[in-house]
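> sequence plus predicted model, see below.
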Amino acid sequence: MEFKLKAGFIELDNMLKVLELVASGAQAKQQIQAGLVNVNGEVESRIRRKLHAGDCVEFGGQKIDIIA
C-alpha cells in the first residue's frame, strides 16, 4: 500500500487514522506505545513521529510506503 503525502510530512498517529487502520487517536497511541508499529524496519514508540517520503511503516500485517 502507498500513502501519498499532501505536505512535507505526516505524523505517525495521524497516518494510521487517515488510512483507517485504527478507530481513533487513542487507539493509535495504544498500538504505537505497545510496540506494534515499525518504521523503516525498527519498532517506533514516538506517537508523533514525522513520516517523510521514503519511509516505510509496518502495522497489522500491512506495509505502507510513504511517497511524495
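Good, I have the coordinates.
> go ahead and name everything in contact with the lengthiest helix in the chain.
Secondary structure of the chain per DSSP state H: the longest helix is helix 25-33. For helix 25-33, contacts defined as CB atoms under 8 Å, 6 or more residues apart in numbering pick out 12-14, 16-17, 22, 37, 44-47, 59. Using the backbone N, CA and C atoms, a C-beta is placed for each residue, glycine as well.
> of all these, which two lie farthest apart?
Longest distance between any two of these is 17.7 Å, between K17 and S45; criterion CB to CB.
> show me where this structure has helices.
For the chain, the helices defined by DSSP H occupy 12-18, 25-33.
> mind listing what's buried along the strand of greatest length in the chain?
Longest strand of the chain, by residue count under DSSP state E: strand 62-67. With burial defined by 16 or more other CB atoms under 10 Å, the residues of strand 62-67 counted as buried are 64, 66.
> what sits up against it?
With CB under 8 Å, 6+ apart, strand 62-67 has contacts from 1-5, 10, 15, 19, 21, 51-58.
> now with 7 Å, please.
Under the criterion CB atoms under 7 Å, 6 or more residues apart in numbering, residues 1-5, 19, 21, 51-57 lie in contact with strand 62-67.
> what subset of the residues you listed is buried?
Buried subset of the contacts of strand 62-67 (neighbour count, 16+ other CB under 10 Å): 3, 21, 51, 55, 57.
> R48 against I10, yeah?
No. Counting by CB atoms under 7 Å, R48 sits too far from I10 to count as a contact (10.3 Å).
> who has more neighbours out of these two?
Just comparing R48 and I10: by other CB atoms under 10 Å the higher neighbour count belongs to I10, 20 against 10.
> and the residue at minimal distance from the centre of the chain, what is it in contact with?
The centroid of the chain falls nearest to L12 when counting by CA atoms, centre = their mean (3.8 Å). L12 sits next to 32, 37, 39, 44, 47-49, 51 when contact means CB under 7 Å, 6+ apart.
> give me the neighbour count for L36.
There are 13 residues near L36, going by other CB under 10 Å.
> now it: how far from V18?
Going from L36 to V18 by CB to CB, to the nearest Å gives 18 Å.
> okay then, goodbye and thanks.
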